[in-house]
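J.: for reference, the sequence and a predicted model appear below.
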Amino acid sequence: MAQIRLRKLPAERVWPAWFSVALQLVTLVAALGFWELATIQKWLDPFFWSKPTDIYAMLKIFFTAGDAWTDIWFTFRAAIVGFVLGTSAGSLIGLSFWWSRNYANFAQPYIICFESIPKLALAPLIILMFGIGVSSKIAIAVALTVVVSTLTTFSGVKSVDADLTRLMYSMGASRWQVFRNVVVPSVLPWGISVLRVNIGLALTGAIVGEFISSQHGLGRAILYAGQTYEIALVWVAVLVLSCLSIAMYLAVSWLEKVLLKHVKR
């Protein structure tokens, strides 16, 4: 009887964490070094590309003599307030669909129509309605996040266990008790799962509002630097905006893990 020889599955050797970090740093330093060399040697036009040393010098000026903290706070405030309002309002609207099928059928086409509208195209109109202050940026952030939360929460409402709901009613529970003890706990993971998406959308809304018209904010700084051909300042504002975006994303990811941990208990 012929023996069957088992082949070992190919296994990729996983790099140690320190090696991955070191490789990433070496790649970053090499890219910056090539960028500096390319602009010195005129392979890249330094007027349009700027260079890392000029960007670093502008970064120091931005934080010591510029309005760095005012712009960061303005963008952060607009994004966070829009994120909280849009996510909360969308979640409540989605949950409210559970109370009446007729109400849900009536409202759903309007929600889908609003979702299909490119909200950023409404940004100039929102600026006219709410002014050039932070309110218009918050309104754009809310417009981008509220529909996502509504549709996601509504999907959670439709997936609530019907057998469990019938069991609660058969035991004499009221609609409010079923909503509080069955619907809300079932929908919470759906609402939490959209937080990371919404924080990115809220920041996008705030930046777009600042691009159109604003007195402060990182979006305004990028627009101003582009119009005056201060390319180093463009890179500085983009770098600071990226750091702000990463910080907000990590904070929301942590919040999502904490909330999911409590929901599963």
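T.: Nice, I can see it.
J.: so what's Val157 up against?
T.: Contacts of Val157 were listed using CB atoms under 8 Å, 6 or more residues apart in numbering, and they are Gly94, Leu95, Phe97, Trp98, Val183, Val187. C-betas here are computed from N, CA, C, even on glycine.
J.: now it, nearest residue through space, not along the chain?
T.: Of all residues beyond its chain neighbours, the one nearest Val157 is Trp98 (4.7 Å), with distances taken as CB to CB, 6 or more residues apart in numbering.
J.: how about the strands of the stretch 51-200 of the chain, start to end?
T.: Here the stretch 51-200 of the chain has no strands by DSSP state E, counting those that start in this stretch.
J.: can you give me the helices for it?
T.: 52-64, 68-96, 101-116, 123-130, 134-158, 162-170, 175-178, 184-193, 195-212 (DSSP state H, counting those that start in this stretch).
J.: mind putting those helices into JSON lines with mean pLDDT and distance to Ala232?
T.: Shown next, in JSON lines, are the helices of the stretch 51-200 of the chain (pLDDT from 0 to 100; distance: least, CB to CB, whole Å):
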{"stretch": "helix 52-64", "mean pLDDT": "92", "distance to Ala232": "4"}
{"stretch": "helix 68-96", "mean pLDDT": "93", "distance to Ala232": "14"}
{"stretch": "helix 101-116", "mean pLDDT": "87", "distance to Ala232": "39"}
{"stretch": "helix 123-130", "mean pLDDT": "88", "distance to Ala232": "28"}
{"stretch": "helix 134-158", "mean pLDDT": "92", "distance to Ala232": "26"}
{"stretch": "helix 162-170", "mean pLDDT": "88", "distance to Ala232": "60"}
{"stretch": "helix 175-178", "mean pLDDT": "90", "distance to Ala232": "59"}
{"stretch": "helix 184-193", "mean pLDDT": "88", "distance to Ala232": "40"}
{"stretch": "helix 195-212", "mean pLDDT": "91", "distance to Ala232": "19"}
